[in-house]
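Student: Below: sequence and its predicted model.
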Amino acid sequence: MSFPRFLTESCNGLAAGFPASLARRQRSAVTHQLANKDKSLTTQIRNIAIIAHVDHGKTTLVDSMLRQSGVFRANQELVDRVMDSNDLERERGITILAKNTAVFYHDLKINIVDTPGHSDFGGEVERALKMVDGVMLLVDASEGPLPQTRYVLAKALEAHLQPIVVINKIDRADARTQEVLNEVYDLFIDLDAEESQLEFPVLFTNGKLGTATTDLAVPGVNLQPLFETIVKTIPAPAGDPAAPLQILVANLDYSDYLGRLAIARVFNGTLRTGEEVGIAKLSGEIEKVKITKLFSFNGLKRTDITETELGDIVAVAGVTGITIGETITSYETPDPLPHILIDEPTIAMQFVVNTSPFCGREGQYVTSRNLGERLEKELLTNVSIRVDQTAPDSFTVMGRGELQLAILIEMMRREGFELAAGKPEIVTRTIGGKLMEPVEMLTVDIPEEFIGVVIEKLGQRKAEMRKMHNHGYGRVRIEFRVPSRGLIGLRSEMLTETRGTIVMNSLFDGYTEWLGTIPHRAAGVMTSDRHGSTTTYALNSLQERGELFVGPGVEVYEGMIIGQHSRDNDLDVNAVREKKLTNMRASTSDEGIRLIPFRTLSLEQSLEFIADDELVEITPKSLRLRKKILQAGRRPRKGTEPVSAEA
């Protein structure tokens, strides 16, 4: 199968110095031709998911695939990482939600699912793999396979999906392409891949420039080899369009005009607009509904269709109340598909109503009812979290990791919610009468001079070193097996100890027996003992006692944490004290006060920092640290039993 002519001509034309407008006109013409192709032709379909470790270039490569397939208009203004439509995704440079798009290669439609690379969002990957018949494993040409690479590949191999290996970022100065490819082969063998899965094709790409090649000696010109490899390697969808209807819901969307939309894969049968079908609920019931609209994907847009095609990924309207994992099937002869199985959460966090003296000042939604409704809404689209209401004003939210829960909190505060969050805790199990806790496989990449301090710090957190590898260019990669508890607060400490040079990644690695006490935070905190606004005069005397979290002119209240104490005990301080005015003057008495710059904690750093008796107060405009019990007289001293009442 040859590559679309407009791509070859565009690339050759630009290389020869032809005007870029000519290439754009060629691309636009072919795009129009593809969009208006003969409807009598049977459109072949390929469904593929792009999986990789975080920041290995998945979304950038999808950008190039969309551009070279003629999805965009010639004069359309584009942004980088167009699939990252969420504001948080753009700010952090990571993919959080799995999204799907589609491109046309001749008369063949390729549905592409862009998945997150971080293991905290593994639930997105697991359900995305239910919609596809093959995967494109993307690996950085310098970093090689990392923990999330192992995680997503293991899920794909378990699902018996056909892989394509893509070594990306081959233009990096420190690229070690052949060595990385050998590591990928070792990873496949280590994960017990089937013989057919081991015979994967390999491509070398530069996602930013949009080039691919099967031979490093021959530089790539465009993504033609990648498109052709997808067509040849990924199998066509199996199933029978005349069989009983089976459409599995793997994602949800919302339209202001149509309500809830189910993003689903057609496994068997044909669904038509206006047809009455049954929804096989997770509870086992069959609910009768009428389909009002059907959409197919074309680029970043949805196009109206009147009936589905076998193997296609579609959006279905008119399915109020449907959730992820349910099946759209025949009402008379229902035949539901197995539910999507998701790994259990390992981290829990308390979400409570904000009870500080400043509550209600900045947020629009502040009550327990608002909080409960928002968490119920999150459960509809996020299958990897669990929510338990432990008290009228408190919810226990469980997820895959701190980052996943921090992202949820950040989304809520941007929507106008106020709440307080407790310290992240692990979710334990009792197996055979023994208390078991989750453990993680931690990979750290550090300069050679920090090996000693990293091993020492992780040893205090019950970590066990498994492997060490020196790449030979000044950095060392070490693998540890460490309890999940030991990772709480570790990132900030390691960044400080290694002067910001460490690269850390972790992956859930099962359960082990409880390993005993792990120290969390050696230092105490400085807590305001009264309400008021901080003054430069008061903070000047306090900065010698530790590290401040607030500057002058900040409104504080009793029980609010304003800094970290240099010793291991908590200290109640007066941060609002003003200098007394007198008529006496001296040559040195009115010299300017210079404050050391205070430390601003991000949301993730705040959650890592707090202890068991502390909370993070989260509002749309502010982050504050506070004690659970605000009044100093009611707070227990260290070594005493805590008071159960909440201030």
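Tutor: Thanks, I have the structure now.

Student: Average pLDDT for the helix or strand in which residue 136 is found, rounded please.
Tutor: Element membership for residue 136, per DSSP states H and E: strand 134-140. Averaged over strand 134-140, pLDDT sits at 90.

Student: and what of stretch 568-581?
Tutor: For stretch 568-581, the per-residue pLDDT averages 88.

Student: List the buried residues of it.
Tutor: Of all the residues in stretch 568-581, those buried under the rule 16 or more other Cβ atoms under 10 Å are 570-573, 575-577. C-beta: built from backbone N, CA, C; applies to glycine.

Student: ok so, going back, check which helices and strands the strand holding residue 136 sits against.
Tutor: Contact here means 3 or more Cβ pairs under 8 Å, 6 or more residues apart in numbering; DSSP states H and E; on that basis strand 134-140 packs against strand 44-52, helix 147-158, strand 162-168, helix 177-190, helix 224-233.

Student: mind saving the C-alpha coords of stretch 541-551 as PDB?
Tutor: Extracted as PDB, the C-alpha positions of stretch 541-551 are listed here (Å, rounded to 0.1, in the frame of the first residue of the first chain):
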ATOM      1  CA  SER A 541      12.400  37.200  64.800                       C
ATOM      2  CA  LEU A 542      10.700  33.900  63.700                       C
ATOM      3  CA  GLN A 543      12.900  33.200  60.600                       C
ATOM      4  CA  GLU A 544      15.700  32.200  63.000                       C
ATOM      5  CA  ARG A 545      13.600  29.400  64.400                       C
ATOM      6  CA  GLY A 546      13.000  27.700  61.100                       C
ATOM      7  CA  GLU A 547      11.700  28.100  57.500                       C
ATOM      8  CA  LEU A 548       8.700  30.300  56.900                       C
ATOM      9  CA  PHE A 549       5.800  29.400  54.500                       C
ATOM     10  CA  VAL A 550       4.200  32.900  54.600                       C
ATOM     11  CA  GLY A 551       5.300  36.400  54.000                       C
END
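
Student: Relative to the whole chain's centre, how far out is that stretch?
Tutor: Relative to its chain's centre, stretch 541-551 lies at 35 Å (Cα atoms, centre = their mean, to the nearest Å).

Student: For that stretch, give me every contacting residue.
Tutor: For stretch 541-551, the surrounding residues in contact (Cβ atoms under 8 Å, 6 or more residues apart in numbering) are 523, 526, 534, 539, 556, 561-566, 571, 573, 575, 595-596, 598-601, 625.

Student: Give me the buried entries from those residues.
Tutor: So, by 16+ other Cβ under 10 Å, the buried ones in the contacts of stretch 541-551 are 526, 534, 539, 556, 561-565, 571, 573, 575, 598, 601, 625.

Student: From these, pick the one nearest residue 370.
Tutor: residue 625 (22.9 Å; Cβ to Cβ).

Student: where does residue 244 fall, phi/psi-wise?
Tutor: Main-chain dihedrals, residue 244, degrees, to the nearest 10: phi -60, psi 140.

Student: Count residues in the vicinity of it, would you?
Tutor: 13 (other Cβ atoms under 10 Å).

Student: Show the model's pLDDT score for it.
Tutor: 88.

Student: Just to check, it is in contact with residue 336?
Tutor: No - checked against Cβ atoms under 8 Å, the pair residue 244 and residue 336 is beyond contact range at 10.2 Å.

Student: quick one: common contacting residues for these two?
Tutor: residue 329.

Student: can you confirm residue 492 is in a strand?
Tutor: No - looking at residue 492 with DSSP: H, G, I helix; E, B strand; the rest coil, it is helix, so not inside a strand.

Student: contacts for the host helix or strand of residue 287?
Tutor: In the assignment (DSSP H and E), residue 287 maps to strand 286-290. Strand 286-290 is contacted from outside by 274-281, 318-322, 329, 331, 334, using Cβ under 8 Å, 6+ apart.

Student: and if you look at stretch 369-385?
Tutor: 121-124, 126-127, 251-252, 323-325, 340, 342-343, 345, 351, 353, 365, 387, 389, 395, 397-400, 404-405, 408, 412, 415, 417, 419.
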